[in-house]
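> fold the following, please.
(chains A and B)
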Amino acid sequence: MSSSNFLINPHPVLVADASVVINLNATGCARAIMAALPNRWAVTANARAELIQGMRNGHNDAGALQGLIDARAIDLVTVGEMGGRVYESLIDGSALRTLDDGEAATIAYAYEADGIALIDERKAMSLCASSFPKLPVVSTAELLLHEAVIQALGPEGHIKAVMAALQKARMRVPPAHIARLVTVIGEDAAVSCMSLPRAARAAV
Amino acid sequence: MTENSDKLPDTEVGERLRIARETAKFTQSAAAEAIDVARTTIVAIEKGQRRIRMDELQKLATIYGTSANAILRQEAVHLDMVPRFRKLPQSGGDAIENAVRLLNDLVRAEVELENALGVKRIRNFPPERPILPGDVRAQAEQDAQELRDWLGLGPGAVLDIVPILEQLGIRVYVRRLDGKVSGLFAYDDAVGACILLNASHPPERFRQTGIHELAHFISARRQPEALTEDEKFSSREERYAGAFAPAFLAPARAVRQRFAEITAGQSHLTRRHIILLAHDFGLAREAIVRRLEDLSLAKSGTWDWFQKNGGITNEQARQVLGELPDRSLHAADARGPVPPRLALLAREAWKRGFYSEGQLARLLHLDRHEMREVLDGAELEESEENELVKLPH
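This is a model prediction of the structure:
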C-alpha cells in the first residue's frame, strides 16, 4: 500500500506499535503528525508495557506516550476476544512464526477493529502479508511521507522531523520508500543516517 | 490466519512459568493473587495440569518482567542458575540477585540464538586444577603462569581481558551493574562457563575481576561465584582467586625484570616507580604495590606508608606519564551493549527474519534504542553478500 492512498478512508483506526511511537516521539512533533490525519489513533497496552520496560538509559518514550494519551491524541486499548485469537496465533509457537507481545497485540487489535497496523518491523510486515493479507500495514516512513503530514509540518519542519526520526530513533525504512525519503532529506543528509541501507547512504 | 502446530505441551509451559516466577521472586500465592485464582490453580498450571488462559499469561508475564512470547516461544531456552547463587553465603543482596538474573537471561539469549541459527560454541577449556593442600598463593602463582603459557601470552601486560576469556570459550558479558557487584561466574554442563562483569568499574578493577572469575573457572568451575565490593577473601578458593589475578596480570618474572630496569642505580622506591609499573601492567597503584610486597621487591607495609604520607594522586601520575594515550578508556565501553559474537548472532537472526526487533530487545534485555544500535548496518552487510566473500562453511 503506498503513501498516496493509504489514508483515503478516514475511518480506520491507526494502531501504532511501540516502534512507531518511538519514531514519532523522536520527531519532536508527534502530536502535529497525528493531528494531520483525520483518523483515530490507538496504542495497545502491550506496546505501552514494552515502552515502560525500556525506560532506562534516559529514553522516556513511555512518558511521552502517556502525554499523548492524556491529551487524548491516542487511545490506550486492549485486545478483545476476537483479536485475542489473532494475538495468540502470533505469540505462541516457533520463533519464526511469532512476534513479541507488543507487535502481536498491535496486529491483533488492528485486525479486530478493521484498522490499520502501524508497524516498521519487517518480520511483522511479512507475517501480516502471509497470515492477514487484507490487513493494511503502514510504516512510520510511509506515514511521514503522507501529503497531509508534509502540509501540516511545512517543508522545513517536515525535513527536520524525518531527520530526527532517522538519527535519534534510527528509524528503519522499508525498501519501497527509501528513494522518496532520500529525496526529501537530500543525499548529503542521508549519508549521516546509519539506519538507512548502504546504497542510500552512499549516493553522494 | 495460519494455525501454529508447534505449540509447547502444557507441562513445558508450566515449567517455564515456574522458573519465571521463581526468578522474579514471586511466591505461588502472590502469583495467584495477581491473576485472581486460588494458589492451587497456580500449582496446577505449573505442573501442566491446567492450561493457562491467555489473559492470565499476559498478566503473569508482565509481573514476572518477561513476555508471553518469551514463555511460549518454542525455541526459548529456560536455564535456571539463580537458585545456585542463592546458596552462596554472600548472595543475599538484591544487587547480586539482579546481576545473576541478568547473566542467566543473557546466556539463555545467546544459546537460543545459537540454536536458531544452528551454530555451536567452540569450547577450548583448559584442564581444571583443583586447589591442593598447602600454600594456595604458591599454587595460584604457578597456575597463573602455566595458563599464560598455555594461552601463549608471553610476558607482556594483558590490557583487554575479554578476548582472552572468549578465546577459552567462556561466555563473557559486560554490562553496567550495581557498584557493589564486581562480577559473577557460573558453570552449567549444558551451556559451559559464563562470566558477567561490571562495566561501570574502572578498567584496572574490571581486569582484576575478570581474572578473579577466571581463577574460579580454573580451580572450582562447578561452584558459582559472586565477587562483591567488600569481599573478604576468607575461604581457600577466594584466597586462591585473590592471588591468581595479580599473578596472571603481572607475572613475577616480568615484574622483577621491569622493576630492576626502572630502579637501577636508585636507593628508594618512589611514587614515580609505582606509577610507571602500574601503567606498564595495567593494574591499580595499590595492586602493583601489593604485588611488589608479595614478590619481596618492596617491604611489607609499603602501600600503607604511601597512603599515610599523602598517597599517590592522579595529578602525580599525569606528571609522570605526561600525555600518553589514556589507557583508562574502557574497552568495555567500546564494545557496546552486547558482546560482539552475541551481536553478530542477533543481527543474523534479524536479517534472516527469524526474530523481530521486539523479540530480540526482550531477549537481550535491551531497550529498543539499544537494539536498533546493535542492528544498525545489518542491511549494509546484506549489500555486501557477494559470492567472493562467501564463508566456506
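> close to chain B, is the longest helix along chain A?
Using DSSP state H to define each element, chain A has its longest helix at helix A:147-167. No. Judged by C-beta under 8 Å from any C-beta of the partner chain, helix A:147-167 stays clear of chain B, getting no closer than 10.9 Å. Every C-beta, even on glycine, is put in place using the N, C-alpha and C of the backbone.
> tell me who's in contact with residue B:250.
B:157, B:281, B:283, B:287, B:288, B:291 (C-beta atoms under 8 Å, 6 or more residues apart in numbering or on different chains).
> just the buried ones out of the residues you listed, please.
B:157, B:281, B:283, B:287, B:288, B:291 (16 or more other C-beta atoms under 10 Å in any protein chain shown).
> are we agreed that the last one is in a strand?
Yep, that's residue B:291 we're talking about. No. Looking at residue B:291 with DSSP: H, G, I helix; E, B strand; the rest coil, it is helix, so not inside a strand.
> pretty sure it contacts residue B:285?
No. Taking contacts as C-beta atoms under 8 Å, residue B:291 lies outside contact range of residue B:285: 10.7 Å.
> before we move on, the earlier item: avg pLDDT for the longest helix of chain A?
The average pLDDT within helix A:147-167 is 94.
> which parts of stretch B:204-213 are buried?
So stretch B:204-213, judged by 16+ other C-beta under 10 Å, has buried residues B:204, B:205, B:206, B:207, B:208, B:209, B:210, B:211, B:212, B:213.
> for residue B:309, the count of nearby residues, please.
Residue B:309: 9 surrounding residues under other C-beta atoms under 10 Å in any protein chain shown.
> contacting residues for it?
Contacts of residue B:309 were listed using C-beta under 8 Å, 6+ apart, and none were found.
> any part of stretch B:61-74 near chain A?
Yes. Against chain A, stretch B:61-74 shows contacts by C-beta under 8 Å from any C-beta at B:61, B:62, B:65, B:67, B:68, B:69, B:70, B:72, B:73, B:74.
> do I have it right that the fifth one meets residue A:90?
No. With contact taken as C-beta under 8 Å, residue B:68 and residue A:90 are classed as non-touching, separated by 10.1 Å.
> and those two? which has more neighbours close in?
residue A:90 (29 against 26).
> which residue ranges of the chain form strands?
As the question left the chain open, I've gone with chain A. Along chain A, counting by DSSP state E, strands occupy A:14-16, A:41-44, A:75-77, A:116-118, A:137-138.
> my bad, the chain I had in mind was chain B
Under DSSP E, chain B gives strands at B:171-175, B:181-188, B:192-198, B:225-228.
> note down every partner strand of the third one and its orientation.
In the sheet, strand B:192-198 lines up against strand B:171-175 (parallel), strand B:181-188 (antiparallel) (DSSP bridges).
> related to what we said a few turns ago, packing partners for the longest helix of chain A?
The contact analysis (3 or more C-beta pairs under 8 Å, 6 or more residues apart in numbering or on different chains; DSSP states H and E) places helix A:147-167 against helix A:18-27, helix A:30-36, helix A:140-144, helix A:175-185.
> any idea of the angle the last one forms with helix A:147-167?
By that I understand helix A:175-185. 90 degrees (axes from the mean of the first three to the mean of the last three C-alpha atoms, to 10 degrees).
> and helix A:175-185, what other elements does it pack with?
helix A:140-144, helix A:147-167, helix A:198-201.
> can I get those helices in TSV with mean neighbour count?
Output for these, formatted as TSV (neighbours: other C-beta atoms under 10 Å in any protein chain shown):
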stretch	mean neighbour count
helix A:140-144	25
helix A:147-167	18
helix A:198-201	17
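> hang on, the earlier thing: let me have the strands of chain B in CSV, extended by mean neighbour count, distance to residue B:133 and mean pLDDT.
Converted to CSV, the strands of chain B look like this (neighbours: other C-beta atoms under 10 Å in any protein chain shown; distance: least, C-beta to C-beta, whole Å; pLDDT from 0 to 100):
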stretch, mean neighbour count, distance to residue B:133, mean pLDDT
strand B:171-175, 23, 32, 91
strand B:181-188, 25, 24, 92
strand B:192-198, 24, 26, 93
strand B:225-228, 23, 21, 85
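> looking at the ones you listed, which is nearest to residue A:18?
Evaluated over the strands of chain B, closeness to residue A:18 peaks at strand B:171-175, with 22.4 Å, by C-beta to C-beta.
> show me how far that closest one is from its chain's centre.
Distance of strand B:171-175 from the chain centroid (C-alpha atoms, centre = their mean, to the nearest Å) equals 4 Å.
> how many neighbouring residues does the residue nearest to residue B:253 when sequence neighbours are not counted have?
Spatial nearest neighbour of residue B:253, excluding adjacent residues (C-beta to C-beta, 6 or more residues apart in numbering or on different chains): residue B:155 at 6.5 Å. Number of residues near residue B:155 (other C-beta under 10 Å) recorded here: 11.
> same thing with residue B:341?
The burial count for residue B:341: 16, using other C-beta under 10 Å.
> give the contact list for it.
Contact analysis of residue B:341 by C-beta under 8 Å, 6+ apart lists B:110, B:166.
> I'm done for today, thanks for sticking with me.
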